[in-house]
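Student: Structure here, sequence nowhere to be found:
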């Protein structure tokens with residue numbers, strides 16, 4: 001019974017943290033939430049938040065944080081140019097940067113994926129995933145908690161979940177319409193129909209990914225010089 005109460009309390013604390021604004025510089029969406037749009041964050045983390053900020057937020061909240069390897073911005077640029085056979089560059093797969101943070105607190109777990117970014121940001125968040133066993137908690141109760149924070153879900157059900165709900169930074173139009181996936185979304189529910197733990201996923205949309213790719217392409221053009229440009 002004590003374990004059940006502790007897990008339920010842990011999820012409640014996390015949901016409160018979801019509504020807290022992160023440090024300045026974090027971006028909830030590539031476009032930024034427009035007037036009337038909601039800000040979506042998970043465990044105090046937002047899409048686009050940089051690596052130093054994300055690490056600080058998690059450690060301040062009592063999470064035990066470990067890093068996973070990833071390419072640095074410079075390696076990312078070099079590798080893109082190597083694939084284009086620019087200047088005899090060779091692909092560098094040494095992964096001296098950070099591509100993921102894994103955080104634990106009791107039975108709770110948070111995984112954070114990053115895109116590389118120029119210094120001093122080093123990397124920026126592309127996705128956050130929270131999971132917990134939470135005995136005694138139900139998807140309906142978690143969704144109700146999130147609804148009190150963000151308002152009614154924009155979409156009934158959540159792709160990839162047995163049961164759940166979806167919120168989108170742009171509201172119902174991007175959560176349930178043809179634009180689904182282009183903007184930041186938060187999905188919550190139960191991954192397996194047979195029960196088990198609860199999961200919350202905060203994911204960037206294609207707009208944010210494309211903005212990152214555009215920035216990377218500009219860096220490639222600068223690093224590649226004239227030899228990196230088409231001659232037709």
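Tutor: Yes, it's here. Here the structure is a predicted model, which means the values were calculated and not measured.
Student: what's the one residue sitting closest to the centre of the chain sitting at in phi/psi?
Tutor: Centroid-nearest residue in the chain: residue 127, 1.9 Å away (criterion: Cα atoms, centre = their mean). Main-chain dihedrals, residue 127, degrees, to the nearest 10: phi -160, psi 150.
Student: need the contact list for it.
Tutor: By Cβ atoms under 8 Å, 6 or more residues apart in numbering, the contact list for residue 127 reads 47, 112-113, 201-204. For every residue, glycine as well, the C-beta is placed using N, CA and C.
Student: Let me know the closest of those to residue 71.
Tutor: Nearest to residue 71 among the contacts of residue 127 is residue 113, at 12.8 Å by Cβ to Cβ.
Student: Quick check: which helices or strands does the strand or helix carrying that closest one pack against?
Tutor: Assigned by DSSP states H and E, residue 113 falls within strand 108-116. Strand 108-116 sits against helix 2-18, helix 51-60, helix 73-83, strand 97-105, strand 123-132, with contacts defined as 3 or more Cβ pairs under 8 Å, 6 or more residues apart in numbering; DSSP states H and E.
Student: Report the angle between the second one and strand 97-105.
Tutor: What separates the directions of helix 51-60 and strand 97-105 is an angle of 10 degrees, with axes from the mean of the first three to the mean of the last three Cα atoms, to 10 degrees.
Student: now helix 51-60: mean pLDDT?
Tutor: For helix 51-60, mean pLDDT is 96.
Student: How far away from the center of its chain is it?
Tutor: Helix 51-60 sits 14 Å away from the centroid of its parent chain (Cα atoms, centre = their mean, to the nearest Å).
Student: for it, packing partners?
Tutor: strand 64-70, strand 97-105, strand 108-116, strand 123-132.
Student: that older thread, roughly how far apart are the residue nearest to the centre of the chain and residue 208?
Tutor: In this view, residue 127 and residue 208 are 10 Å apart by Cβ to Cβ, to the nearest Å.
Student: what is in contact with the two at once?
Tutor: residue 47.
Student: quick one: what helix or strand has residue 215 in it?
Tutor: Judged by DSSP H and E, residue 215 forms part of helix 206-224.
Student: Who are the packing partners of that helix?
Tutor: Judged by 3+ Cβ pairs under 8 Å, 6+ apart, the packing partners of helix 206-224 are helix 73-83, strand 123-132.
Student: one more time with 7 Å, if that's ok
Tutor: helix 73-83 (3 or more Cβ pairs under 7 Å, 6 or more residues apart in numbering; DSSP states H and E).
Student: average pLDDT across the helix it packs on?
Tutor: For helix 73-83, mean pLDDT is 91.
Student: Stretch 57-69: end-to-end distance?
Tutor: 20 Å (Cα to Cα, to the nearest Å).
Student: ok, how many other residues are close to residue 52?
Tutor: Neighbourhood size, residue 52 [other Cβ atoms under 10 Å]: 14.
Student: Quick check: beta-bridge partners of residue 127?
Tutor: For residue 127, the beta-bridge partners are residue 113, residue 203 (DSSP bridges).
Student: so how far is residue 57 from the residue nearest to residue 171 when sequence neighbours are not counted?
Tutor: With sequence-adjacent residues excluded and distances taken as Cβ to Cβ, 6 or more residues apart in numbering, residue 171 is closest to residue 154, at 5.8 Å. Applying Cβ to Cβ, the value for residue 154 to residue 57 is 26 Å.
Student: Need the pLDDT of residue 193.
Tutor: Value for residue 193, per-residue pLDDT: 61.
Student: same deal with residue 134?
Tutor: At residue 134, the pLDDT value in this model is 64.
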